[in-house]
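Chemist: pasted the sequence and its predicted model underneath.
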Amino acid sequence: MRIKALCAGLLALPLAASAQSVDLSYEVTDLGGGLFQYDFELTTDAGWAPGMGWRWFIFGDCAGCPTPLTGFVGDPASLPIGPWTGYSSSSGGHNGPTLSPVLEYWTPLDGEEFLVWSGTSTADLPQGDLLFSTIAGTIGGAVAADFKVATREGGGGGVCPSCLADCDGSGELDFFDFLCFQNLFAAGDLCADCDSSGTLDFFDFLCYQNEFSAGCPVSAIEQFGTEAPPSVLCGERMTSFPLDARPPFTVVTDVPSPLGGNLTFSTGCDVRTIGGGWATWSHGYTGNVYYTLGAASLDVGVPANSAFYLYAEPNPFALIEFEITRDGGDSVVDSIHGSSGAKGFGFCGGVKSVNVRTTDGFTDFAVGEFGIAN
């Protein structure tokens with residue numbers, strides 16, 4: 001099993017340039033009748049350099065299991081896609097739709113170059129469920145994507161807000177939520193069917209006004225997925241933790257809070273940074289994480305707060321099931337991928353402790369990217 005945590009002994013070796021890879025985003029449109037259109041965009045990340053190249057591109061990838069992108073049919077009008085002139089599929093260790101000829105390299109001429117294509121599938125994959133890979137080698141110092149998580153764009157492609165009153169998902173109820181609702185209504189999006197009548201009409205506006213006045217219920221645990229953390233959580237302005245002043249590969253049992261006091265760990269964790277002892281995270285985060293050094297469960301004690309969040313990612317480059325439990329017993333179970341798949345969890349109402357564990361009982365992980373409000 002491939003492991004991302006780097007041994008402390010490697011710290012003495014000269015550090016190579018930061019690894020560079022590709023990113024995939026997609027939008028989903030419901031065509032009706034159980035069919036969904038996918039629009040893909042493939043880009044390089046911020047560290048592109050001339051001569052980098054990738055090949056054998058697989059999307060909707062699954063390790064040793066059937067692709068979740070069921071029934072995919074590529075749009076011939078999208079061809080050619082860079083060096084690739086057709087659609088095929090891969091099977092075995094990697095399984096999913098594939099751009100072919102597979103051995104042709106995509107070598108972008110600059111960091112702004114991108115590829116787009118479309119197709120249809122019988123699956124509507126939410127954020128975190130569509131993975132992609134490039135295999136069979138790279139050139140020019142590029143790093144292969146290995147079951148990397150693609151980013152779903154477009155507001156979820158038909159996934160309605162969990163609380164319609166907070167239509168734009170900002171965590172605050174304001175004028176922009178009304179604009180968001182009006183845009184949904186004007187677009188004919190059934191997420192604007194506030195009264196669940198099956199049609200969009202004047203009564204949906206009356207319903208929305210009532211929903212806005214009532215506000216959103218406070219969830220015991222908010223889930224951010226792989227998105228960046230919100231600036232406002234539970235109506236509170238959040239403060240992110242600064243970089244840890246202690247050197248990498250230092251074992252610590254606490255982390256100073258920017259608002260006073262300390263986070264505490266039930267077992268010693270190793271200070272790491274993304275690209276400096278920990279390979280990946282998500283949404284571009286590059287700060288500190290804390291590796292559990294073999295422990296499959298960690299209690300995080302939280303200083304006085306009105307809201308708190310953290311992120312977690314498993315050590316192996318694989319999909320691992322986590323259980324996140326806060327004081328009082330409320331918990332969520334979520335699968336998190338170890339390749340750029342770190343997911344965030346928010347806690348309202350003054351949480352005192354959070355337990356993070358992998359349900360298999362043996363997979364270790366890292367936590368980090370903390371935020372807090374008083």
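Modeler: That came through fine.
Chemist: for the stretch 101-250 of the chain, what spans make up the strands?
Modeler: Read by DSSP state E, counting those that start in this stretch, the stretch 101-250 of the chain holds these strands, from start to end of the chain: 114-121, 131-134, 138-139, 148-149, 151-152, 221-225, 232-233, 236-237, 239-240.
Chemist: quick one: buried residues of the second one?
Modeler: Along strand 131-134, the positions that meet the burial threshold by neighbour count (16 or more other C-beta atoms under 10 Å) are 131, 132, 133, 134. C-beta coordinates here come from the backbone N, C-alpha and C atoms, glycine included.
Chemist: I'd like to know which of the strands of the stretch 101-250 of the chain is closest to residue 32.
Modeler: For residue 32, the closest of the strands of the stretch 101-250 of the chain is strand 114-121, at 11.5 Å, according to C-beta to C-beta.
Chemist: number of residues surrounding residue 179?
Modeler: Here the count is done by other C-beta atoms under 10 Å, and residue 179 has 12 residues near it.
Chemist: ok, it to residue 237 distance?
Modeler: When C-beta to C-beta, to the nearest Å is applied, the distance between residue 179 and residue 237 equals 22 Å.
Chemist: residue 303 too?
Modeler: 17 Å.
Chemist: show me where the stretch 101-250 of the chain has its helices.
Modeler: Per DSSP state H, counting those that start in this stretch, the stretch 101-250 of the chain has helices spanning 175-186, 202-214. These are given in chain order.
Chemist: low-confidence stretches in the stretch 1-150 of the chain?
Modeler: For the stretch 1-150 of the chain, the stretches flagged by pLDDT under 70 are 1-20.
Chemist: please name the nearest non-neighbouring residue to the residue nearest the centre of the chain.
Modeler: Taking C-alpha atoms, centre = their mean, the centroid of the chain lies closest to residue 226, which sits 1.9 Å from it. The spatial neighbour of residue 226 that comes closest, neighbours along the chain excluded (C-beta to C-beta, 6 or more residues apart in numbering), is residue 282 at 4.0 Å.
Chemist: tell me how many other residues surround the one you found.
Modeler: By the other C-beta under 10 Å criterion, the neighbourhood of residue 282 contains 26 residues.
Chemist: circling back to that earlier point, more crowded one of residue 303 and residue 237?
Modeler: Higher neighbour count among residue 303 and residue 237: residue 303, with 18 against 13, using other C-beta under 10 Å.
Chemist: residues contacting the more buried one?
Modeler: Applying C-beta atoms under 8 Å, 6 or more residues apart in numbering, we find residue 303 in contact with 257, 259, 260, 261, 262, 263, 372.
Chemist: and those residues, which are buried?
Modeler: 257, 261, 263, 372.
Chemist: SS state for the residue nearest to the second one when sequence neighbours are not counted?
Modeler: To tie it back to what came earlier, the one meant is residue 261. Spatial nearest neighbour of residue 261, chain neighbours left out: residue 303 (2.9 Å); criterion: C-beta to C-beta, 6+ apart. The three-state label given to residue 303 by DSSP: H, G, I helix; E, B strand; the rest coil is coil.
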